[in-house]
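Give me the fold of what follows.
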Amino acid sequence: MSFVSALRGRGAARVPLKKAALEPVRPLPPAAAPAAPADQPKPSLRDWFGVLAMVVGLFMAIMDVQIVTSSLTQIQGGLSASSDEIGWLQTAYLIADVIMVPLSGTLARILSTRVLFVSATVGFTVASALCATATSLPQMILYRALQGFSGGAITPTVFPVVYTKFRGKQLATVMVLISLILNLSSTLGPTIGGYLTDTLSWHWLFLVNIPPGILVAFAVWFLVDIDKPDLSLLRYFDTLGLVTMALFLGCLEYALEEGARWDWLADPTIRAAIVLSALSSVAFFWRVLSYHQPIVDLRAFVNRNFALGSFYTFVVGTGLYGATYIIPLFLAQVRGFSAFQIGETVVVTGLAQMVLSPFTAYIARTVDLRLMLGFGMAMFAFAMYLTAGLTNQASFWELFVPQVVRGIGLMCCYLPANLIAMGALAPDKLKNGAGLYNLTRDLGGALAIATIGTVMNWRLHFHWNRLIEDVNPARPAVQHFLDMQTNRFDSLTSDSARAAMKMLAATVQREALVLTFNDVILLLGSTFAIALLLMPLVRRPRSATVG
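Residues are numbered from 1 along each chain as shown. Got it, this is the predicted structure:
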């Protein structure tokens, strides 16, 4: 029995929670307003190089979520895994990532931002090297989990440094760079992964992280220092909160990632994961709202702009990860494109973002951020509407304009959503807020991918049943098709009629699949269109945020 099969065979055991004594809740000090630009010294060249090094680490961490997607077949052969088991390469990474992201705020206060980022980068680099040496699926799952756990600390740690060191025009410029990196890393991941695998081997998907990982760790250690460690926080470290959060988010992520593959509640393991996640969530929310030093401070969501900015980041996450997943899947399943051909097609979105990026900071400084965000959401919805006219012949040029529009929409979404959310927090709340903010984007992506799998199964079945109602051999057009295919197969097989019928079934299946992809793409666009309805609730952000 394989490793994953054995794992799934065991029911998920419910972990008993020890009753914790309630600590008196200390009132929080009033939030200080962010420093005005005049009070903030201009960032030095050292600050710019330090943040640039952190952005390189950010690119590595996010790209590694998607870099394996175009090479799963090759990795599957190298590890002697089944097609169902190989999906754990992404599941293991994402489960560890969503547990670490909200935890990063507490760890940054205990260890300091610099120590946490450097430690996470070193851990990510070591885990990447271990992934390249894996010879079995259990080893790879463990190493990918370590990689995801380390990567989960890299992403949110960048934002406190950026908002501490930069204000006004410089802040908008850096946030444009970060938004470009976030979008490009997801878009370019499958392209770079396909190229490395075709040119060298799948091991280089992980080995490529080692040189930049070492350079980033050294650069951040010597160039970034915004706070000091506070080891006294270990005295009241919320262990119960950590356990319940890990169970809540870990089981939720597992259910979202694996539910569609195993028919959701029909599978006992998925059912147990959902129940355990629900019970752990109740214990987690009770703990963080009653303990005086919670593992995650959810009071940041009391701030309306932070809550709404995080919501829009959740929606952007559904579009970012959902579109990056569904379009390559269409090109592979319907058009039969290779990994590199898929990369050449989807890279258009990234190129559009690169062209627009120099103007995004200027737009953010001159236009109300709410208008910019609304425009970006509308552009993404329009891009999905344009994309939803896919046919079985759609390729680069048919997807060119929709992908350009999608790239413009994403670039106009991420920057204002980030400035609306993070710019609303006081400096002492940034570390915790950054973890919560990034968690919403990752959960949005996970929920989108899980929903896409479920909707595709449902709509494919629906379209197949509708199409076969009209595919009747008694119809002249259908009979003409069968006669043509029978004549074509006469010289190739002894049962040409059966071969022609199989060809007809494959054609119906392909058309049902095309209609299914169009439905899913429209669903993604509708999500952005509906989210626009909440835009009037967003308060006008402080102009000091963007200068």
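
and the next element down the chain from the top helix by length along the chain?
The residue-count maximum for a helix in the chain (DSSP state H) belongs to helix 430-470. Remark: after helix 430-470, the chain's next helix or strand is helix 476-489, criterion DSSP states H and E.

you'd agree Arg540 is up against Asp368?
Yes: assessed by CB atoms under 8 Å, Arg540 is found in contact with Asp368 at 6.7 Å. C-beta coordinates here come from the backbone N, C-alpha and C atoms, glycine included.

Which one's more surrounded, the two?
Using other CB atoms under 10 Å as the criterion, Arg540 and Asp368 rank with Asp368 on top: 14 against 10.

got the phi/psi numbers for that one?
Phi and psi for Asp368, reported as degrees, to the nearest 10, are phi -60, psi 130.

what packs against the longest helix of the chain?
Where contact means 3 or more CB pairs under 8 Å, 6 or more residues apart in numbering; DSSP states H and E, helix 430-470 is packed against helix 88-111, helix 137-165, helix 239-258, helix 304-333, helix 396-422, helix 496-531.

Could you rerun that using 6 Å?
Under the contact criterion of 3 or more CB pairs under 6 Å, 6 or more residues apart in numbering; DSSP states H and E, helix 430-470 touches helix 88-111, helix 137-165, helix 239-258, helix 304-333, helix 496-531.

For Ser82, find the nearest of these.
The closest of the helices and strands packed on helix 430-470 to Ser82 is helix 137-165. By CB to CB, the value is 8.9 Å.

Now do the buried residues in the closest one.
By neighbour count on 16 or more other CB atoms under 10 Å, the buried set for helix 137-165 is 137-138, 140-165.

cool, stretch 512-523 as well?
So, applying 16+ other CB under 10 Å, buried residues of stretch 512-523: 512-521, 523.

Other residues contacting it?
326, 330, 334, 384, 387-388, 390, 392, 452, 455-456, 459-460, 463-464, 467 (CB atoms under 6 Å, 6 or more residues apart in numbering).

List the residues that contact Tyr437.
Tyr437 touches 310, 421, counting by CB under 6 Å, 6+ apart.

Let me know the closest of the contacts of stretch 512-523 to Val296.
Ranked by distance to Val296 (CB to CB), the contacts of stretch 512-523 are led by Ile452 at 28.3 Å.

Around the closest one, how many other residues sit close by?
23.

Glu469 too?
By other CB under 10 Å, 7 other residues sit near Glu469.

mean confidence for stretch 375-385?
In this model, stretch 375-385 carries a mean pLDDT of 96.

If you count neighbours, what's buried in it?
375-385.

okay, those in JSON lines with secondary structure next?
Shown next, in JSON lines, are the buried residues of stretch 375-385 (DSSP: H, G, I helix; E, B strand; the rest coil):
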{"residue": "Phe375", "secondary structure": "helix"}
{"residue": "Gly376", "secondary structure": "helix"}
{"residue": "Met377", "secondary structure": "helix"}
{"residue": "Ala378", "secondary structure": "helix"}
{"residue": "Met379", "secondary structure": "helix"}
{"residue": "Phe380", "secondary structure": "helix"}
{"residue": "Ala381", "secondary structure": "helix"}
{"residue": "Phe382", "secondary structure": "helix"}
{"residue": "Ala383", "secondary structure": "helix"}
{"residue": "Met384", "secondary structure": "helix"}
{"residue": "Tyr385", "secondary structure": "helix"}
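
can you redo those residues as TSV with distance to Asp483?
Converted to TSV, these look like this (distance: CB to CB, whole Å):
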residue	distance to Asp483
Phe375	54
Gly376	52
Met377	51
Ala378	49
Met379	48
Phe380	46
Ala381	45
Phe382	44
Ala383	42
Met384	40
Tyr385	39
